[in-house]
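*Asks:* Need coordinates for the following:
(one chain, ligands or ions: 1)
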Amino acid sequence: MGVDFKKENHVAYITLNRPEAMNSLDPESVDALFNIWTEVKNDDDIRVAVLTGAGEKSFCTGTDMKKTPPPEECMAAIYLRDGQPIVPHMKMWKPIIAAINGYAIGGGLEMALACDLRICSSKAKFGLTEVKVASLAGLNGTQCLPRAIPQAVAMKMLLTGEMIDSQEAHRVGLVSDVVEPDELLNLATKYAERIANNAPLSVKAAKQAIVMGLDMPLENGIAFSHLLWGVLRDTEDRKEGFKAFGEKRPPEYKGK
Ligand SMILES: CC(C)(COP(=O)(O)OP(=O)(O)OC[C@H]1O[C@@H](n2cnc3c(N)ncnc32)[C@H](O)[C@@H]1OP(=O)(O)O)[C@@H](O)C(=O)NCCC(=O)NCCSC(=O)/C(=C/c1ccccc1)CC(=O)O
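*Replies:* Okay, the predicted model is just below:
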């Protein structure tokens, strides 16, 4: 089985599980991920997802270059489909945490870039190495890496194909936290459960305001976020949040 999936306390845990091939993405894993992201998006019981890799060596090294079959479809059919199967960020408003347990290379780093929080183990290494194998970081890497870290560092990584380690990733802001390998999943779970305890519609609105706002001039972004606040104003959860505060008890959110 290339990808494991489980659900606990409103959190979906997705584990790339081909450690013998550095959790690279063979066609079966790509299909499995497509189905899993669809389920994460549509299952109201899931409020947040954690994406990680099995073992301590690799998160994901991108395309399985030994198993990539000749294409069955023309490029236009793939290009004009609604989003790439392995990258969840198109209209996925539930937050996704990348718990990067080792190498995040090529499509592996591009998946991490499509996530909202990135935390890593001290053993992690990061690279968009596609130029070394005559390809391109063509999922989102050329666009998202220079938006995530300083441009000069992104250029160096994308043009040389060289990797950076966990300390450098932390220094440039590619990840928010670096922990020892055996602490990584605990930290991901802690963040995921904190997010899942918040009001689900507010969390989705916050992500939408941030992601869509980044592509807008500030004034439009502020207007958009004010509209989103208005959308949330009459939810049952907002009434519950305010009431629970007054009654000094934890709120019980329903996503309504
Ligand atoms: C990660 C490494 C530096 C680790 O090196 P190390 O020496 O520690 O370990 P290895 O012996 O090399 O690896 C163990 C085992 O795993 C196999 N392995 C590792 N990565 C892959 C892979 N990506 N595909 C297939 N197999 C892989 C390795 O061959 C060993 O197997 P064994 O010999 O034991 O049978 C080092 O492994 C490394 O550099 N890996 C390659 C990383 C890489 O270049 N990734 C980029 C791939 S291209 C890509 O991701 C693309 C994404 C994309 C873009 C646009 C649209 C869709 C997708 C581009 C593309 O697909 O064109």
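*Asks:* hang on, Tyr13 in a helix?
*Replies:* No: counting by DSSP: H, G, I helix; E, B strand; the rest coil, Tyr13 is not part of a helix but strand.
*Asks:* Pairing partners for it in the sheet, please.
*Replies:* Beta-bridge partners recorded for Tyr13 (DSSP bridges): Lys6, Val50.
*Asks:* That one: what's it in contact with?
*Replies:* If you count contacts by Cβ atoms under 8 Å, 6 or more residues apart in numbering, Tyr13 has them with Asp4, Phe5, Lys6, Lys7, Ala49, Val50, Thr52. Just so you know, the C-beta spots here come from the backbone N, C-alpha and C atoms, and that holds for glycine as well.
*Asks:* Between those, identify the one with the most neighbours.
*Replies:* Ala49 (27 neighbours; other Cβ atoms under 10 Å).
*Asks:* Distance of the nearest residue to it once chain neighbours are set aside relative to Trp229?
*Replies:* In this structure, Ala49 finds its nearest non-sequential neighbour in Ala12, 4.2 Å apart by Cβ to Cβ, 6 or more residues apart in numbering. Look at Ala12 and Trp229: by Cβ to Cβ, to the nearest Å, they are 27 Å apart.
*Asks:* Same check on Ser202?
*Replies:* Distance, Ser202 to Trp229, using Cβ to Cβ: 10 Å.
*Asks:* Neighbour count for the two, which is higher?
*Replies:* Ser202 (18 against 13).
*Asks:* Can you say which helix or strand has the more buried one in it?
*Replies:* Secondary structure assigned from DSSP states H and E places Ser202 in helix 200-213.
*Asks:* following that helix, which helix or strand comes up?
*Replies:* Downstream of helix 200-213, the next assigned helix or strand under DSSP H and E is helix 218-232.
*Asks:* who does that following helix touch, helix- and strand-wise?
*Replies:* Applying 3 or more Cβ pairs under 8 Å, 6 or more residues apart in numbering; DSSP states H and E, one finds that helix 218-232 contacts helix 200-213.
*Asks:* Show residues contacting the helix it packs on.
*Replies:* Contact with helix 200-213 is made by 47-48, 89, 93-95, 116, 195, 221, 224-225, 228-229, 231-232, 235, 237-238, 253, 255-256, as judged by Cβ under 8 Å, 6+ apart.
*Asks:* Could you rerun that using 7 Å?
*Replies:* 47, 93-95, 116, 195, 221, 224-225, 228, 231-232, 235, 237, 253, 255 (Cβ atoms under 7 Å, 6 or more residues apart in numbering).
*Asks:* and that helix with helix 218-232, angle?
*Replies:* 160 degrees (axes from the mean of the first three to the mean of the last three Cα atoms, to 10 degrees).
*Asks:* Just the mean pLDDT for helix 200-213, thanks.
*Replies:* Helix 200-213 comes out with an average pLDDT of 96.
*Asks:* how about that helix: buried residues?
*Replies:* By neighbour count with 16 or more other Cβ atoms under 10 Å, helix 200-213 contains the buried residues Pro200, Leu201, Ser202, Val203, Lys204, Ala205, Ala206, Lys207, Gln208, Ala209, Gly213.
*Asks:* and if you look at stretch 20-39?
*Replies:* Per 16+ other Cβ under 10 Å, stretch 20-39 contains these buried residues: Ala21, Met22, Asn23, Ser24, Leu25, Asp26, Ser29, Val30, Ala32, Leu33, Ile36, Trp37.
*Asks:* what pLDDT, on average, does the host helix or strand of the last one get?
*Replies:* Same thing as Trp37. Per DSSP H and E, Trp37 falls inside helix 27-42. Mean pLDDT, helix 27-42: 93.
*Asks:* Return the residues in contact with Met157.
*Replies:* Residues in contact with Met157 (Cβ under 7 Å, 6+ apart) are Gly127, Leu128, Leu145, Ile164.
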